[in-house]
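Asker: Next one to model:
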Amino acid sequence: CNVSRSVFADRFQATIGVPPLRYATELRMLLAGQWLAQDTLSIQSVALRLGYTSQAAFSRAFKRVTGHSPGARRGATALAEAVGPSAG
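Answerer: Down below sits the predicted model:
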């Protein structure tokens, strides 16, 4: 970009509406949620794919951003699939 970090962050937030780090974190957790819901990847594998050095660090970040643990996310998806599509 050929600009300072602070100038980039200011321009990014002005354009996107959130700071760059928050955007990247939320994007990573969106991917994690999709992988946990759709794939048969372990939580450890998802953590490693996203660049976390431990499953614990990933789990803390996932819960902080989404409000749920990765295991709960996977369990909710499994329950929804077992019950079937909701009416509406």
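Asker: use CA for all of it now, contacts and neighbours both
Answerer: Will do.
Asker: Any regions of the chain where pLDDT drops low?
Answerer: Residues of the chain meeting the criterion pLDDT under 70: 1, 76-88.
Asker: biggest helix in it, by residue count?
Answerer: The single longest helix within the chain, with elements called by DSSP state H, is helix 20-38.
Asker: Now do that one: which elements does it pack against?
Answerer: Helix 20-38 sits against helix 5-16, helix 43-49, helix 55-66, helix 70-83, with contacts defined as 3 or more CA pairs under 8 Å, 6 or more residues apart in numbering; DSSP states H and E.
Asker: give me every residue that touches the most centrally placed residue in the chain.
Answerer: Nearest to the geometric centre of the chain sits Met29, at 0.3 Å (CA atoms, centre = their mean). By CA atoms under 8 Å, 6 or more residues apart in numbering, the residues touching Met29 are Phe62, Val65, Thr66.
Asker: what about it, distance to Gln55?
Answerer: Using CA to CA, to the nearest Å, Met29 is found at 13 Å from Gln55.
Asker: swap in Arg5?
Answerer: 30 Å.
Asker: who's in contact with Arg60?
Answerer: Counting by CA under 8 Å, 6+ apart, Arg60 touches Ser69.
Asker: ok, now with 10 Å
Answerer: Going by CA atoms under 10 Å, 6 or more residues apart in numbering, Arg60 touches Gly67, His68, Ser69, Pro70.
Asker: tell me the SS of the second one?
Answerer: In other words, His68. Under DSSP: H, G, I helix; E, B strand; the rest coil, His68 falls in the coil class.
Asker: Need the nearest residue in space to it, chain neighbours excluded.
Answerer: Phe62 (7.1 Å; CA to CA, 6 or more residues apart in numbering).
Asker: my guess is Gln55 contacts Gln44, does it?
Answerer: Yes: using CA atoms under 10 Å, Gln55 is in contact with Gln44, at 5.2 Å.
Asker: and Leu41, how many residues sit next to it?
Answerer: 12 (other CA atoms under 10 Å).
Asker: how close does it get to Asn2?
Answerer: Counting by CA to CA, the gap from Leu41 to Asn2 is 38 Å.
Asker: what do you get for Pro70?
Answerer: 38 Å.
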